[in-house]
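Prediction below, plus the sequence it came from.
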There are 2 protein chains.
Amino acid sequence: MPVPLYQAKAEFFRTLGHPVRIRVLELLQEGPRPVHELLADIGVEASNLSQQLAVLRRTNLVASRREGGAVLYELSTPEVADLLRAARGILTSMLADQGELLAELRGTRGEERK
Amino acid sequence: MPVPLYQAKAEFFRTLGHPVRIRVLELLQEGPRPVHELLADIGVEASNLSQQLAVLRRTNLVASRREGGAVLYELSTPEVADLLRAARGILTSMLADQGELLAELRGTRGEERK
DNA sequence: TATGAATATGAAGAATTCTTCAAATCGAGT
DNA sequence: ACTCGATTTGAAGAATTCTTCATATTCATA
């Protein structure tokens, strides 16, 4: 039983534990996209997005290449889609059960915490 | 497109972003287990494990019930297994690619950090 | 080569999460 | 009721992660 693997797994999940990073990954599922486009879709400061992209790059979840004036990002492996799908499955079934954030699922907007 | 859902997803992944919590989930895949047994398998302080179990409980990833003198924990949904499997898939393929932590995968033990 | 748009980087304070310690709770058995 | 083992809780400082600001790069084009 590989011991420090748990550490690696935890780090991996922690990488996904940020709303901007999640959005980026979901957007990239549809194919490569330039930063300025991500920037437009997700509404955060450019430097903030860049920081999050850097995190995703470090962990090799995404890769970037320059295309003319812009930088394109893409998923480094399509398997990420599987993961996101699995997560979506659990989340919706859990939310359905507890029914707590169901409103959110329907787009009600709001900002509760715990 | 549900907006604050990204927040919920991020929180969900962050919940998985801790080595002890990952181990607990993996152990629970094999079925319900009493705390003292988890405690023996994972080598941490009782109060630490308890804190992590509390986190998993809050997010409804696990459920607990009392069985005589001990408290049993179990996954609240077996779908968690899918998620962990998907993560394992990505991780191993990524590690294989970069080959960086491959040694760990084989049980070589060690403690490097970037 | 100078200018500008796009993107990245470094650093600092704010916010969040971890770990640990001490103390509380809950039953079981006496 | 009392005590013991098992588990949880609250709190505080340490450690990590976020956000933001200022500045740096990089390339394209004038």
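Good, I have the coordinates. Numbers count the residues shown, from 1 in each chain, chains lettered A, B, ... in the order given.

what helix or strand is the most centrally placed residue in chain A on?
Residue closest to the average C-alpha location in chain A (CA atoms, centre = their mean): residue A:22, at 1.7 Å. Following DSSP states H and E, the helix or strand that holds residue A:22 is helix A:19-29.

Beyond that helix, next helix or strand please.
Note on helix A:19-29: by DSSP H and E, the next helix or strand toward the C-terminus is strand A:33-34.

Report the buried residues of the helix or strand following that following strand.
Using DSSP H and E, the helix or strand that directly follows strand A:33-34 along the chain is helix A:35-41. Neighbour-count burial for helix A:35-41, counted by 16 or more other CB atoms under 10 Å in any protein chain shown, picks out A:35, A:38-39. Heads up, the C-betas are built off the backbone N, CA and C, glycines and all.

Could you pull out the buried residues of the helix or strand that comes right after helix A:35-41?
In the C-terminal direction, the helix or strand that comes right after helix A:35-41 (DSSP H and E) is helix A:46-58. Buried residues in helix A:46-58, counted by 16+ other CB under 10 Å: A:49, A:52-53, A:55-56.

And the helix or strand following helix A:46-58, what's buried?
Per DSSP H and E, the first helix or strand lying C-terminal to helix A:46-58 is strand A:62-67. Neighbour-count burial for strand A:62-67, counted by 16+ other CB under 10 Å, picks out A:62, A:64.

domain ranges for chain A?
A:1-76, A:78-114 (automatic domain parsing).

Tell me where the model's unsure across chain A.
Along chain A, the parts satisfying pLDDT under 70 run over A:1-3, A:97-114.

how far is stretch A:13-30 from where the chain is centred?
Averaging C-alpha positions (CA atoms, centre = their mean, to the nearest Å) puts stretch A:13-30 0 Å from its chain's average.

And for stretch A:46-56?
The answer for stretch A:46-56 is 12 Å, by CA atoms, centre = their mean.

List of residues touching that stretch?
For stretch A:46-56, contacts defined as CB atoms under 8 Å, 6 or more residues apart in numbering or on different chains pick out A:15, A:18, A:20-21, A:24-25, A:35, A:38-39, A:42, A:62, A:64, A:73.

Closest one of those residues to chain B?
residue A:18 (5.3 Å; CB to the nearest CB).

For chain B, see how far away residue A:67 is.
23 Å (CB to the nearest CB, to the nearest Å).

circling back to that earlier point, what would the domains of chain A look like in JSON lines with distance to residue B:92?
JSON lines is the format used below for the domains of chain A (distance: least, CB to CB, whole Å):
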{"stretch": "domain A:1-76", "distance to residue B:92": "10"}
{"stretch": "domain A:78-114", "distance to residue B:92": "10"}
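
Just name the most buried of the ones you listed.
domain A:1-76 (a mean of 16; mean count of other CB atoms under 10 Å in any protein chain shown).

could you point out the longest helix in chain A?
helix A:79-98 (DSSP state H).

which of the buried residues of helix A:46-58 are close to DNA strand C?
Among those, proximity to DNA strand C is found for A:49, A:53 (CB under 7 Å from any atom of the strand).

in which helix or strand would I find residue A:71?
strand A:70-75.

what is the orientation angle of that strand with helix A:46-58?
50 degrees (axes from the mean of the first three to the mean of the last three CA atoms, to 10 degrees).

which strands and helices sit next to strand A:70-75?
Counting contacts by 3 or more CB pairs under 8 Å, 6 or more residues apart in numbering or on different chains; DSSP states H and E, strand A:70-75 is packed against helix A:19-29, strand A:33-34, helix A:35-41, strand A:62-67.

That'll do, ta.
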